[in-house]
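# need coordinates for the following:
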Amino acid sequence: MNKHAILQARGISKHFYTPVKFKVLDQISFDAYKGEFLTLVGKSGCGKSTLLYCLSTMDTAYEGELFIADQQITGQKPNDLAALRNERIGFIFQFHYLLPEFTCIKNIMIPALKLGRFSKAEIEEKAYQKLTLLGLGDQALKPASKLSGGQQQRVAIARAMINNPDIIMCDEPTGNLDSRNAGIVFDMFKQIAHDFGQTVIVVTHDNDFASASDRTIELEDGRIIQVRSN
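Predicted coordinates for the structure are as follows:
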């Protein structure tokens, strides 16, 4: 694996203040590497999803420093962070958040149209390529609402990939899927990391899923208690 750190977290700490002051993240430091499939695990309430939202730049109320692609992210303005997210980070959640009345291909095109780097025709072609890669090329013109849950999650993965981001961040992406579809999604993440060199960071409760990734970071009470290569 290329050991170039695409993401660096340095001393990330965070408090919640309601109902009382509570430290949810405590001095989290680690690197995520280009082309790595990394999982974050731990019991409910350990801080793993909170950490992911800090790493994603959607939550900026933390202490410490965050670097993405050798650029310091901490302290940047909201508009700059929004632009960085659209260009460098893809997101996949437990729920797919597709627009149900839009076709699959239109859902996938949205982040690329927002980025505005390519013509609409070029973006449509790229979206179709991503769909085909994920085995759904024949569903391109079907409304998202007409797909199965597993298919909808694959469309969400294609949407996350459309701008060729450095990092794809996922919060319980297989939480609503059966074991077969979870396996399909896992294989896709492995391909995204190992064949396309994009970094995949996944929060998961699924220990089998985590143990088959490249590396696992385990959290407990807001701290890293173990880092293991799989």
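
# which residues touch the residue lying farthest from the centre of the chain?
Distance from the C-alpha centroid of the chain peaks at residue 20, with 30.2 Å (CA atoms, centre = their mean). For residue 20, the contact set (CB atoms under 8 Å, 6 or more residues apart in numbering) is empty. The way it works is simple: take the backbone N, C-alpha and C, and place the C-beta from them, glycine included.

# where does it fall, phi/psi-wise?
Backbone torsions of residue 20, given as degrees, to the nearest 10, read phi -140, psi 160.

# and it, how far from residue 185?
Residue 20 is 38 Å from residue 185, where distance means CB to CB, to the nearest Å.

# ditto for residue 128
If you go by CB to CB, the gap between residue 128 and residue 185 works out to 20 Å.

# looking at these two, which is more packed in?
More crowded of residue 128 and residue 185, by other CB atoms under 10 Å: residue 185, with 22 against 19.

# list the contacts for that one?
Residue 185 makes contact with 150, 153-154, 157, 173-174, 177, according to CB under 8 Å, 6+ apart.

# need these in TSV with pLDDT and distance to residue 68, can you?
Shown next, in TSV, are those (pLDDT from 0 to 100; distance: CB to CB, whole Å):
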residue	pLDDT	distance to residue 68
150	83	30
153	84	25
154	86	26
157	87	20
173	85	20
174	81	25
177	79	28
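
# hey, where'd the strands end up in this structure?
For the chain, the strands defined by DSSP state E occupy 5-16, 22-33, 37-41, 63-68, 71-72, 89-93, 167-171, 199-203, 215-220, 223-229.

# please identify the most buried of these.
Among these, judged by mean count of other CB atoms under 10 Å, the one packed with the most neighbours on average is strand 199-203 (a mean of 26).

# now the contacts of residue 185 in JSON lines, with neighbour count and distance to residue 40?
Shown next, in JSON lines, are the contacts of residue 185 (neighbours: other CB atoms under 10 Å; distance: CB to CB, whole Å):
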{"residue": "150", "neighbour count": "16", "distance to residue 40": "23"}
{"residue": "153", "neighbour count": "28", "distance to residue 40": "19"}
{"residue": "154", "neighbour count": "25", "distance to residue 40": "22"}
{"residue": "157", "neighbour count": "26", "distance to residue 40": "18"}
{"residue": "173", "neighbour count": "30", "distance to residue 40": "12"}
{"residue": "174", "neighbour count": "24", "distance to residue 40": "14"}
{"residue": "177", "neighbour count": "20", "distance to residue 40": "18"}
